[in-house]
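# Fold the following.
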Amino acid sequence: MANDITSIHSSRLQQSGGRQSQRLDEADSKGSSDTTRRMSSDGADKVSLTSTAARLKDIEHRLASQTSVDNHRVKQVKSAISNGEYNVDPDRVAHKMINFEDSLHS
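Numbers count the residues shown, from 1 in each chain. Purely as a prediction, here's the structure:
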């Protein structure tokens with residue numbers, strides 16, 4: 001989501017003029033690796049993202065489009081239940097429930 005910040009002006013930025021631009025350029029050279037900030041000639045701040053941020057956004061979109069259900073596994077379990085081949089290990093279930101409950105109180 002992008003926010004338009006071109007209409008945001010503070011009296012401090014307008015009064016400081018070129019000094020603000022110089023400070024932003026110095027901040028960029030001191031290790032602002034994820035974003036680059038510049039003061040344009042009209043006094044509006046601009047932000048441009050690096051390729052890392054663009055890759056992260058792409059990964060986010062791909063993950064959002066994937067389902068969180070393993071349909072193949074669901075078919076296998078349904079088939080095993082239908083055929084009477086699905087076995088439940090009560091000790092394993094009990095231990096998992098206890099571990100889950102313990103994790104809630106930590």
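# Any stretches of the protein with poor pLDDT?
1-43 (pLDDT under 70).
# Show me the helices in it, by range?
11-16, 18-29, 51-65, 71-82, 90-105 (DSSP state H).
# ranking the ones you listed by burial, who's on top?
helix 18-29 (a mean of 13; mean count of other Cβ atoms under 10 Å). (Each C-beta comes from the backbone N, C-alpha and C, glycine too.)
# how about the helices of the chain, which one is nearest residue 44?
When the helices of the chain are compared by Cβ to Cβ, helix 11-16 sits nearest residue 44, at 9.3 Å.
# And residue 96, how far from residue 58?
Distance from residue 96 to residue 58, counting by Cβ to Cβ, to the nearest Å: 35 Å.
# Tell me, domain by domain, which residues of the chain belong where.
Following the assignment in automatic domain parsing, the chain carries domains at 11-65, 71-105.
# For the helices of the chain, give me JSON lines that also has distance to residue 44.
Compiled in JSON lines, the helices of the chain are given as follows (distance: least, Cβ to Cβ, whole Å):
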{"stretch": "helix 11-16", "distance to residue 44": "9"}
{"stretch": "helix 18-29", "distance to residue 44": "11"}
{"stretch": "helix 51-65", "distance to residue 44": "20"}
{"stretch": "helix 71-82", "distance to residue 44": "49"}
{"stretch": "helix 90-105", "distance to residue 44": "48"}
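# Ramachandran coordinates for residue 66?
phi -90, psi 150 (degrees, to the nearest 10).
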